[in-house]
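Chemist: Return atomic coordinates for the entry below.
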Amino acid sequence: MNDNKSLPEIDSMTKKTVGGDYKITPANWNTLFNLAKEGKQSRKTIKELREKSDLQNREIAKLKKQLAQHEEKPSVIDSMKYLQAKQLDPEALKASIERILHKSTNVAKMAKSKVSEAARGVDEVVLPDRERSL
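Modeler: Next comes the predicted model:
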C-alpha cells in the first residue's frame, strides 16, 4: 500500500474530459484509493502522536513544578550528609551546630537592640515628656 507519488504525479493521474468530468484508469484509481487510505491512517497516527506529546508535555511541566518545590526544601542528600556527619563525628557536628546557633542568637540580639534604640529615639522625639516604651 506504500505508493510513493509526488504531487505532480498525483495531479497527472486524472484527465479532464470535454464534458468536464474526470477520467481515471483502474490502475491509477487503485493508487489514489491506496494513497487516500494511507493519508487517513497517517492523520489518525498524527493525532495520536500529538495527544501523546501533549500528555508528555503536561507531565514534564508537572515534574518541573515538583522539582522546584523540592529544591526549596532540604533535600534528601542534605539529610543523608547530616546523618553521615552525625555517625562519623557527633561531637564536631554538635559543636558546629552550637556555633551556628550562637551566631544566629547574637544576630537576633543585635537586631533587637537596634530596634530598641530606634524606638527610644522615636519616643524622645514624639513623646518627650512621657514614659518611654522600651
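Chemist: per the record, what domains does the protein have?
Modeler: Annotated domains of the chain cover 1-73, 90-134 [automatic domain parsing].
Chemist: so where's this structure shaky on pLDDT?
Modeler: For the chain, residues meeting the criterion pLDDT under 70 lie at 1-3, 71-75, 114-134.
Chemist: what about the longest helix in it?
Modeler: Longest helix of the chain, by residue count under DSSP state H: helix 26-72.
Chemist: quick one: secondary structure of the spatially most distant residue from the centre of the chain?
Modeler: Ranked by distance from the centre of the chain (Cα atoms, centre = their mean), the top residue is residue 18, with 62.2 Å. Assigned with DSSP: H, G, I helix; E, B strand; the rest coil, residue 18 falls in the coil class.
Chemist: what about it, distance to residue 38?
Modeler: 32 Å (Cβ to Cβ, to the nearest Å). Where C-beta positions appear, they are placed from N, C-alpha and C, glycine not excepted.
Chemist: how many neighbours does residue 83 have?
Modeler: Counted with other Cβ atoms under 10 Å, residues neighbouring residue 83 total 11.
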